[in-house]
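1. Need a 3D model of the following:
(2 chains)
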Amino acid sequence: MSTTEDSKKMAKPKAPRKKAAAACKTTARRKTAARKKAPEKPQSVLIVGAGFAGLGMAIRLKQAGIEDFIILERGNAVGGTWRDNQYPGAACDIPSNLYSYSFAPNPNWSRSFSGSEEILDYVHHLVAEFGLEKHIRFEQNVAELRFDETKGIWTATTDKDVVFTGRAAVMAQGPLANCSFPAITGIEDFKGKKIHSARWDHDYDFSGKNVAVVGTGASGIQIIPELVKVAKHVKVFQRTPGWVMPRPDFSTPEWNKLLFRKVPASQQAMRELLYWSHESMALAVIWNSPLTRIAERIGKWHLRRQVKDRWLRRQLTPDFTIGCKRVLVSNDYYPALQKDNAKLITWPIARISEEGIRTVEGIEHQVDCIVFATGFDVSHSGTPFPVLGRGGRVMGDDWKGGAQAYKSINVSGYPNLFLTFGPNSGPGHNSALVYMESQLEYALKGIRKIVGEDLKVLDVREDAQQRFNKGIQKRLAKTNWNSGCKSWYLTEDGFNATMYPGFATQYAAQMSEFKEEDYQTA
Amino acid sequence: MASIDLDKMLAKIKSTQWALSDIDWDAPGAELITEEQWPKLKEFMADLMWIEHVGARAFAALAKKAPTDTLREIYSYFHAEEQRHANAEMALMRRWGMLEGDEIPEPNVNLRIIIEWLDRFADEMPVYVLGTVVPMLEIALDGALCTFLLETVKDPVCHQAFEKINDDESRHLGVGFTVMEMQGRSASYIKMVQMMARVMDPRLILGIASYMPLLNKMRDNVIAMGLPEEKLYKAMQKFERIGGRTEEGRRNPWFQLIKQHGRWVTNRSNKVYHVPVDALVKITGMVPRKALPAVPSWVKELTYEPTATR
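-> Okay, the predicted model is just below:
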């Protein structure tokens, strides 16, 4: 909970961040020497991942009086996606007052859309404010999660064979945690520098360099304007143009911060306003409606206003219904592309060579560095590490035809396990953290039941899960995501295991009720 | 059924890519261009390059309208491949000393009008209009001109480049005819009604008015180069032969229209067609270049340089 005192701490974001980061590293050194034998008494809860989801879960557990939990983090610092995505220009495309936890408001956001550094500061603040450090085990990369039905215990084994146990487990490793270079022919031949947007090399000096950027999604359009400012020349390789909407980004005036500090209800009111304005966007983004046409007109107006050349405008005009892929927001992407030292290339890439990128029009575009803003390895049918449930069943096998869960959070056959951002929980129009809060509350109800009633097994019924998914897929069929364009939301076969087909309010309603009859207990 | 598997074709296209840097543009053989050939060849190459470039733009329009993802991707590749051909032909012109500095050869007025039309209206045209016209242009102009070029020019680098270009073109035609057949599979009557509605579209009429003189103008250029016009006609008849080899192909009303037009073009005694169209060629020839609008920026994408740092 944020008090005026907390607010004062947040007013100087730099200091706590450094402090927290340093603390994280110290903790890492202290805690990595964990014993290789499982502790005799299991924790109440094992949390995998110290990003927004894992830390949020930890806060809610603490607030509920559950203190015996640990967070296993593969890195040596907290922050997850915001720790990894520190490329120049990285920012959230949801307003900060909505992209933060309602149970830990920050009155001092410097802008309406904050950059990744400030968001990471907020994450560090959460750790410090709620005393989470002692619960985090850094550099513990979970390699397997296995359920022992007779004992009702989850065992996490790390890649260093360190073992942790818990009565319940929360998979909060995040859907956007893994990345790799794309499978473009010849990528290994390139002799210059290769950088992935999610693993930025802050030591590489772009000044005076010819740079290629592959990918024009959410990360690409943020990186490009920054690179154009420093690099000698930037070539942007685009496969599919996305819908780019204007970004109402303003710096927050001091009086506003003061108001939020002094009258927390005013910030809550702002959050409500932002929440409902984003909810209304669902009508344009999720379903094909007259509002979809209006949203597309705004996108086209933004393009026409910023790009005068007809051919360039054509190259940047999307050919899919808005919302089918992630909607992008930027005020400086289009102008950056038109700078003298920038060029948009829409020819298909034939291969990568030693010197650069060869496109199908026969030309080799020679560069010093290639930045891959090609997104993340999103698994629609697997898990990041083997998860073994009742009778040794493997979740990845159960999900071969596409990931399925009950209300996105429980999977039948895997008792006492809670997923954050599990199947069909993705928002297309509202803050991920709004969805996250509903998931955390739901998981908390389940965990309380397991701990409070001393249950060994709390397992969602197979029929309940099937019934739920039938309904979800039926609803998804009517959405823009399933309207024909290819996106990371869908599997190769077009199965949508990613998105939630409705308003955030509907999702919250879905998660608000814990139907005991849908569960089997032992 | 002569149709090809478009998914396999896309895989084949992706696996057979080549770049300008695969060819040694400074290899010996440029001296085999005779002094007599040089000026005519310069004009010929400029026309050829522009036809490729115009073809590229037509494929770009097709990519926007393609009915399936596979076809959309194929057309995106063809768009770039036609551009590659134009780039390669510019590189040949440079090799033969036909370019001064960074100069891009001037397109003739008929091509300029086509460029303008494509820029303004091509994206609005239904896929099957361009899908039928493009194979005709490819087979008649591209095909005939390339054959002639290889018969006349002895430079081995030219042969090396055109071997690659012709391989690409044969795939373009294969897809082109398959798409024409796909169009013919639907009920003819409905297609005919739809087509008539399209023909009434003033933008299309403008396109037809640009396309007709272009063919006649090219015929004149071909004759000026010393190519017997029968060769051009033979190539155009190939369109009729391949396009009409299946029931589906013949049922495509656009095929019937373009085929009929091809017959008019190749029949010099058809005064009803040739007198007004030749007159159009003359009239367009008198249009001062300054009266034409500025070339669209896609034209500036052409380059003879195999590598680019900017």
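2. Averaged over its residues, which helix or strand of the chain has the lowest pLDDT?
-> Let's take chain A. The weakest-scoring helix or strand in chain A, judged by mean pLDDT, DSSP states H and E, is helix A:14-31 (a mean of 32).
3. my bad, chain B
-> In chain B, no helix or strand scores lower on mean pLDDT, DSSP H and E than helix B:188-199, which sits at a mean of 57.
4. Could I have the CA atoms of the longest strand along chain A written out in PDB?
-> When chain A is parsed with DSSP state E, its longest strand is strand A:163-171. Written as PDB, here are the backbone C-alpha positions of strand A:163-171 (Å, rounded to 0.1, in the frame of the first residue of the first chain):
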ATOM      1  CA  VAL A 163      15.600 -28.800  -5.100                       C
ATOM      2  CA  PHE A 164      12.700 -26.800  -3.600                       C
ATOM      3  CA  THR A 165       9.400 -28.000  -2.400                       C
ATOM      4  CA  GLY A 166       6.000 -26.400  -1.800                       C
ATOM      5  CA  ARG A 167       2.400 -27.400  -1.200                       C
ATOM      6  CA  ALA A 168       1.200 -25.200  -4.000                       C
ATOM      7  CA  ALA A 169       3.100 -23.800  -7.000                       C
ATOM      8  CA  VAL A 170       2.600 -20.700  -9.000                       C
ATOM      9  CA  MET A 171       4.100 -20.600 -12.500                       C
END
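5. Give me the below-cutoff pLDDT ranges for chain B.
-> Residue ranges of chain B with pLDDT under 70: B:1-3, B:141-143, B:185-203, B:205-206, B:209, B:225.
6. can you give me the strands in it?
-> Applying DSSP E to chain B gives strands spanning B:307-308.
7. Pull up the residues of it that are close to chain A.
-> Proximity of chain B to chain A (C-beta under 8 Å from any C-beta of the partner chain) is limited to residues B:17-21, B:64, B:69, B:73, B:76-77, B:80-81, B:83-84, B:87-88, B:119, B:123, B:296-298, B:301, B:303, B:305-310. To be clear about C-beta, it is placed using only N, CA and C from the backbone, and glycine gets the same treatment.
8. Show me which of these are buried.
-> Among these, those classed as buried by 16 or more other C-beta atoms under 10 Å in any protein chain shown are B:17-21, B:64, B:73, B:76-77, B:80-81, B:83-84, B:87-88, B:119, B:123, B:296, B:298, B:301, B:303, B:305-308.
9. Contacts only, for B:Gln237.
-> B:Gly262, B:Thr266 (C-beta atoms under 8 Å, 6 or more residues apart in numbering or on different chains).
10. Against B:Asn267, how distant is it?
-> Distance, B:Gln237 to B:Asn267, using C-beta to C-beta, to the nearest Å: 11 Å.
11. Near chain B, which residues of chain A? Just list them.
-> A:210, A:233, A:309-312, A:314, A:319, A:343, A:347-348, A:350-351, A:355-356, A:358-367, A:486.
12. Of those, keep whichever come out buried.
-> Using 16+ other C-beta under 10 Å, the buried ones in these are A:210, A:233, A:311-312, A:314, A:343, A:347-348, A:350-351, A:355-356, A:358-367.
13. Isn't A:Thr491 up against A:Ala497?
-> Yes: using C-beta atoms under 8 Å, A:Thr491 is in contact with A:Ala497, at 6.7 Å.
14. higher neighbour count, those two?
-> Using other C-beta atoms under 10 Å in any protein chain shown, the more surrounded residue of A:Thr491 and A:Ala497 is A:Ala497, with 26 against 17.
15. With adjacent residues omitted, what lies nearest to that one?
-> A:Ala403 (4.1 Å; C-beta to C-beta, 6 or more residues apart in numbering or on different chains).
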